[in-house]
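S.K.: Return a 3D structure for these sequence lines:
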Amino acid sequence: MTTWVKIENFQCPGKDCCNDKKIKQWSCSADNTPVYMSQTGYIRCSSVVKYMTFNDANKYAHYDQICNWRWDCGEHHSFMRFMEADKESFLLSMSMALQMVKAKGKAKWIAALVLELGNQFGEEDDSDEDQDSDLR
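M.R.: Numbers count the residues shown, from 1 in each chain. Next up, the predicted model:
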């Protein structure tokens with residue numbers, strides 16, 4: 001079952017963003033509604049376009065994988081209003097905002113999301129393997 005969590009008190013995960021302030025409540029720039037995240041690695045706004053649908057992808061106006069979402073904390077340079085996130089910057093923001101996950105099964109929700117982020121960003125943790133080989 002998919003659990004949606006409102007994104008709030010969340011530092012901008014934009015790659016190389018220098019803003020370290022937490023944004024109280026993130027909202028969709030197109031329709032100004034709150035934004036939610038699931039453990040399946042998707043983000044959606046609150047604007048419903050179709051009530052009768054079998055999946056979230058068709059129900060909400062803005063719905064996409066985290067790796068495709070763009071972020072605007074209001075502190076980016078004007079030439080790059082929306083910034084993409086990379087796995088490291090997104091995980092850093094998540095680690096600072098764990099209190100937003102209030103659902104039962106918090107650890108499983110976070111673990112599922114972290115695994116999905118690894119799949120989406122397609123990055124292997126090569127640095128861990130390099131450190132292991134140095135110890136031998």
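S.K.: Residue for residue, what is the longest helix the protein has?
M.R.: Scanning the chain for the helix with the most residues, using DSSP state H, yields helix 106-121.
S.K.: List the contacts of it.
M.R.: Outside helix 106-121, the residues that touch it by CB atoms under 8 Å, 6 or more residues apart in numbering are 3, 5, 37-41, 65-67, 86-87, 90-91, 94, 98, 101, 103, 125. For every residue, glycine as well, the C-beta is placed using N, CA and C.
S.K.: Out of those, list just those in strands.
M.R.: With DSSP state E as the criterion, strands contain Val5, Met37, Ser38, Gln65 from among those.
S.K.: Can you list the low-confidence ranges for the chain?
M.R.: Along the chain, segments meeting pLDDT under 70 span 76-81, 96-97, 103-104, 123-136.
S.K.: In CSV, list the ones in strands among the contacts of helix 106-121 along with neighbour count.
M.R.: Formatted as CSV, the ones in strands among the contacts of helix 106-121 follow (neighbours: other CB atoms under 10 Å):
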residue, neighbour count
Val5, 17
Met37, 24
Ser38, 19
Gln65, 15
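S.K.: These into TSV, with extra columns for distance to Phe121?
M.R.: Shown next, in TSV, are the ones in strands among the contacts of helix 106-121 (distance: CB to CB, whole Å):
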residue	distance to Phe121
Val5	20
Met37	15
Ser38	16
Gln65	10
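S.K.: and the two most separated of those residues?
M.R.: Val5 and Gln65 (15.9 Å; CB to CB).
S.K.: Next, please give the residue ranges for the helices of the protein.
M.R.: 56-59, 87-96, 106-121, 126-135.
S.K.: rewinding a little: ok, and for the longest helix of the chain, which residues are buried?
M.R.: Buried residues in helix 106-121, counted by 16 or more other CB atoms under 10 Å: Trp109, Ala112, Leu113, Val114, Glu116, Leu117, Gln120, Phe121.
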